[in-house]
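1. coordinates only, sequence not included:
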């Protein structure tokens, strides 16, 4: 039996006094990106974006717009399908979206921690 390794790059930001965290893992044909509020990772609204900008919400609706924005940005960067989970209690205003897009950008640059 061979061992498989999946490494996540992680990072965090503080927005309106709340800790927002992100984790990203690149697979051969896809990227998985998780975003959540607080200390413990939790699965949230799931969106799937294909290169070319086609996005589908698979589960939930609360943060689907932010998930779509992040998915489209990552699909452009990687040229792969992107699965995004957003578990956020914060409002999805434009300022919050910019903060999360910047967090996603930091995760893709490798400037974040590998785990």
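-> On my side now, so go ahead. Everything numeric in this text was worked out from a predicted model, so none of it was measured. Numbering: from 1, shown residues only.

2. for the residue nearest the centre of the chain, what are its contacts?
-> For the chain, the residue nearest the mean C-alpha position is residue 33 (3.4 Å; C-alpha atoms, centre = their mean). Shown in contact with residue 33 (C-beta atoms under 8 Å, 6 or more residues apart in numbering): 22-24, 70-71, 74, 82-85, 104, 107. All C-beta atoms are positioned from the backbone trio N, CA, C, and that covers glycine.

3. By neighbours, which of those wins?
-> Tallying neighbours with other C-beta atoms under 10 Å puts residue 84 at the head of those, with 32 neighbours.

4. Who does the helix or strand where it lies pair with, and is each partner parallel or antiparallel?
-> In the assignment (DSSP states H and E), residue 84 maps to strand 81-87. Strand 81-87 has the following strand partners under DSSP bridges: strand 30-37 (parallel), strand 45-50 (antiparallel).

5. I appreciate the help and will end here.
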